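Peer 1: Quick check, what structure comes out for this input:
(one chain, ligands or ions: 3)
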Amino acid sequence: GNIVSVVKGIYQHGEIIKGHVVDYGNAVVMPGLIDVHAHLDDPGRTEWEGFSSGTKAAAAGGITTLIDMPLNSEPSTVSVETLKLKVEAAEEKIYVDVGFWGGLVPENALNVSALDSLLKAGVLGLKSFMCPSGINDFPMTNSSHIKEGLHVLAKYKRPLLVHAEMQLDSEGYPKENDDINDARLYSTYLRTRPPSMEEAAIRELLEVTKHTRANGSAEGSHLHIVHLSDSRASLKLLKEAKSRGDSITVETCPHYLAFSAEEIQDGDTRFKCSPPIRDAANRENLWGALMEGQIDMLSSDHSPTIPELKLFGEGNFLKAWGGISSLQYVLPVTWSYGKKYGITLNQLASWWSERPAKLAGQELKGAIVSGNHADIVVWEPNAEFELDENHTAYHKNPSISAYMGTRLSGKVLATFVRGNLVYKEGEHAPAACGVPILAK
Ligand SMILES: NC(=O)NC(NC(N)=O)C(=O)[O-]
Ligand SMILES: [Zn+2]
Ligand SMILES: [Zn+2]
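Peer 2: Ligands and ions are numbered 1, 2, ... in the order given. This is a model prediction of the structure:
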């Protein structure tokens, strides 16, 4: 299951290597992708996705490790008991390795022993929202909850991931439940979540992350901003905080790099997510920041649901479920939309494998080096395909993906997890052989 050695050619110590040699010709052999932000909705909402379909889609997309979010499953993963339910739900159903984030919510944030037991039970870190999550048993937290959480996490050297948007009553922008008649217009939804909401949340977080600096009271803990969309004030604040020594990283997602507000059609709620996809100029800035290293990594934020909750009929952006379905496509999407910015394979491996592995504390994953798990994706960057109904999608609800109808390049030929061939050109391994990852 591990990489024994990495050699040039097929000779080792002057001898032709014995055993089973597979020659993938000019295809790229890369570390498997590690997606630190996916909502697999299991247990409890397997009609939205589920471990089996979600990890099959992942394997088909070259993802070898997923870290599952603590919400959208029912119940949310906010305690030892609910983590147990999640791990049991994953048994015999995961085709790639799956780790778990725990939830930081008001009911456990100020209860040190509750957080200790959740972390001792093996979650790889905690996740919290600074605005309503859309899930009833996953309420939002404020900065005092987050401060407490970070101080407990410091003992375990594990991260806190935060959905950084804060509702500001002061600003006169429409709220989601105002009865606005043009709820079919994407611009109406966009106005309800201006960049200032991300900026306000990040300003508040930076008051807490100063404790994560060397010799700070929360030294050892780490804050990770999930799915950044605002490429201006928010990114500037994060850059300054990093230069002051705060332990902070930030991710963005392929949908913020692929799409722009100008191209989202009225009523096409496949594109609804929070924070929202912003304008084309913002997308250009995000690409610039990613290429320069100001944005540390990428994640899918695969947040599917059933088609009915996307309200395709009425196309109401204010009431439809927010979340983009993308898991299987993130490698070809990043590659296809990134080519014009000159992205390299090394950058792909850094954004999708090396850095996510560090965030999730997975020292034996994220790079093809001897001793590491043999988690590998083999793919052809120049192979093009239409993402249409003829393209086999393994997601539970393929029709809701914003990527349907796009033409992409980058075809996955084979995916290996701990040396097991889990996917090969349309075929999955006969049995689910992924491992649930619990922190020691
Ligand atoms: N409950 C969710 O899945 N929310 C997600 N929804 C999005 N991103 O629109 C998220 O990550 O915030
Ligand atoms: Zn979020
Ligand atoms: Zn999410």
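Peer 1: what about this structure, any weak spots by pLDDT?
Peer 2: Within the chain, the ranges that satisfy pLDDT under 70 run 170-181.
Peer 1: and it, which residues reach ligand 1?
Peer 2: Contact residues, the chain versus ligand 1 (CB under 6 Å from any ligand atom): 39, 71-72, 133-135, 163, 227, 273-274, 301, 303, 322-323. To be clear about C-beta, it is placed using only N, CA and C from the backbone, and glycine gets the same treatment.
Peer 1: 5 Å instead, please
Peer 2: His39, Asn72, Ser133, Gly134, His163, Cys273, Ser274, Asp301, Ser303, Gly322, Gly323 (CB under 5 Å from any ligand atom).
Peer 1: Mind checking which of these are buried?
Peer 2: The neighbour-count criterion (16 or more other CB atoms under 10 Å) marks His39, Asn72, Ser133, His163, Cys273, Ser274, Asp301, Ser303, Gly322, Gly323 among the residues of the chain next to ligand 1 as buried.
Peer 1: Would you mind giving those residues as a markdown table with distance to Gly9 and secondary structure added?
Peer 2: Shown next, in a markdown table, are those (distance: CB to CB, whole Å; DSSP: H, G, I helix; E, B strand; the rest coil):
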| residue | distance to Gly9 | secondary structure |
| --- | --- | --- |
| His39 | 43 | coil |
| Asn72 | 47 | coil |
| Ser133 | 52 | coil |
| His163 | 48 | strand |
| Cys273 | 46 | coil |
| Ser274 | 50 | coil |
| Asp301 | 40 | coil |
| Ser303 | 44 | coil |
| Gly322 | 50 | coil |
| Gly323 | 46 | coil |
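Peer 1: related to what we said a few turns ago, just curious, which of the residues of the chain next to ligand 1 is nearest to Asp23?
Peer 2: Ranked by distance to Asp23 (CB to CB), the residues of the chain next to ligand 1 are led by Asp301 at 36.3 Å.
Peer 1: Val208: neighbouring residues, count only.
Peer 2: Using other CB atoms under 10 Å, Val208 has 22 other residues around it.
Peer 1: name the element it belongs to?
Peer 2: Per DSSP states H and E: Val208 is located in helix 195-209.
Peer 1: Which SSE is immediately downstream of that helix?
Peer 2: Sequence-wise, the next helix or strand downstream of helix 195-209 (DSSP H and E) is strand 222-225.
Peer 1: give me the residue from the stretch 151-300 of the chain nearest ligand 1.
Peer 2: Relative to ligand 1, the nearest point of the stretch 151-300 of the chain is Cys273 (3.4 Å; CB to the nearest ligand atom).
Peer 1: one step back: the helix holding Val208: which residues count as buried?
Peer 2: Buried residues in helix 195-209, defined by neighbour count with 16+ other CB under 10 Å: 195-206, 208-209.
Peer 1: which one among those residues gets closest to Glu263?
Peer 2: Nearest to Glu263 among the buried residues of helix 195-209: Pro195, at 18.9 Å, using CB to CB.
Peer 1: List the contacts of the closest residue to the closest one other than its chain neighbours.
Peer 2: Distances taken as CB to CB, 6 or more residues apart in numbering place Asp230 nearest to Pro195, at 3.8 Å, with adjacent residues excluded. Contacts for Asp230 were tallied using CB atoms under 8 Å, 6 or more residues apart in numbering; they are Pro195, Glu198, Glu199, Pro275, Arg278, Asn282.
Peer 1: Arrange those residues in CSV, one row each, with distance to Phe100 as further columns.
Peer 2: Formatted as CSV, these follow (distance: CB to CB, whole Å):
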residue, distance to Phe100
Pro195, 31
Glu198, 26
Glu199, 30
Pro275, 24
Arg278, 31
Asn282, 32
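Peer 1: need the next SSE after the strand or helix carrying Val87, C-terminal direction.
Peer 2: Per DSSP H and E, Val87 falls inside helix 80-90. Where DSSP H and E defines the elements, the next helix or strand beyond helix 80-90 is strand 97-100.
Peer 1: partner strands of that next one, parallel or antiparallel?
Peer 2: Strand pairing for strand 97-100, using DSSP bridges, gives strand 63-68 (parallel), strand 436-437 (parallel).
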